[in-house]
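Visitor: Need coordinates for the below:
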Amino acid sequence: MKALIFLFPEKFRDEEFQIPKKQLEAAGVDVVVAGLERGAAKGMLGLTAVPDMLLDEVEIDEFDAVIVPGGSGSVTYLWNNPVILSLVKEAYVKGKIVAAICLSGVVLANAGILEGRNATVYASPEALEVFKKKGVCYISEAVVVDGRIVTADGPASAKKFADEIIGLLECK
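Guide: All right, here's what the predicted structure looks like:
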């Protein structure tokens, strides 16, 4: 099993990146980190991480799951990033597990894969507005699984989020 985690240059939420990565690796999943830029990215709480590859090097066919961590930088770097949106949509269309936590649930909505589906997100007014416009059925729960899509509401849910992704991978 192989999972891809996106990493943006700054203000990703440390736990939402680190906890799923560590749990997936502990479960025997090969985790690859794809970044928007080369070099170290900095989390909101000071964690630094270096991507293994750049977005334009990603081949979705190589992965079983695509994971989008959140944080305040998600709004700036991911919500409307055409490359990220395209990769997320391609992963979904090809039957991969697609997961997003915190504000990055909006990435899945903007990629067009949440219409008519149940999902959660960090409930900021902006995120909820996007969910409404994109026809997402917002569920106020820590983690929501709808088919192959996993969404979570924030850092406190990172462990359960990772557990759900691992559960879906084990069923593949």
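Visitor: Which pLDDT value does the model give Tyr77?
Guide: Per-residue confidence for Tyr77 comes out at a pLDDT of 95.
Visitor: Quick check: phi and psi on the residue nearest to it when sequence neighbours are not counted?
Guide: Leaving aside its sequence neighbours, Tyr77 sits nearest to Phe8 (C-beta to C-beta, 6 or more residues apart in numbering; 3.8 Å). C-beta: built from backbone N, CA, C; applies to glycine. Torsion angles at Phe8 (phi, psi; degrees, to the nearest 10) stand at phi -110, psi 160.
Visitor: cool, and the one 4 residues further on?
Guide: Comment: the main-chain dihedrals of Phe12 come out as phi -80, psi 160, following degrees, to the nearest 10.
Visitor: Now do the contacts for it.
Guide: Residues in contact with Phe12 (C-beta atoms under 8 Å, 6 or more residues apart in numbering) are Ala41, Gly43, Met44, Pro69, Gly70, Gly71, Gly73, Ser74.
Visitor: Show me where this protein has its helices.
Guide: 14-26, 73-77, 82-93, 105-110, 125-133, 158-170 (DSSP state H).
Visitor: packing partners for the fifth one?
Guide: Using 3 or more C-beta pairs under 8 Å, 6 or more residues apart in numbering; DSSP states H and E, the elements in contact with helix 125-133 are helix 105-110, strand 137-138.
Visitor: got the contact list for the last one?
Guide: With contact meaning C-beta under 8 Å, 6+ apart, strand 137-138 is reached by Gly116, Arg117, Asn118, Ala119, Thr120, Val121, Ala123, Leu128, Phe131, Lys132.
Visitor: One more: the longest one?
Guide: Outside of helix 105-110, the residues that reach it under the criterion C-beta under 8 Å, 6+ apart are 68, 70, 74-75, 78-81, 84-85, 88, 98, 100, 114-115, 119-122, 126-127, 130-131, 134, 136, 149, 151-152.
Visitor: switch the cut-off to 6 Å
Guide: 68, 78-79, 85, 100, 114, 119, 121, 127, 130-131, 134, 136, 151 (C-beta atoms under 6 Å, 6 or more residues apart in numbering).
Visitor: Report the beta-bridge partners for the residue nearest the centre of the chain.
Guide: A centroid search over the chain (C-alpha atoms, centre = their mean) returns Val68, at 1.7 Å, as the residue closest to the centre. In this entry, Val68 is beta-bridged to Ala100, by DSSP bridges.
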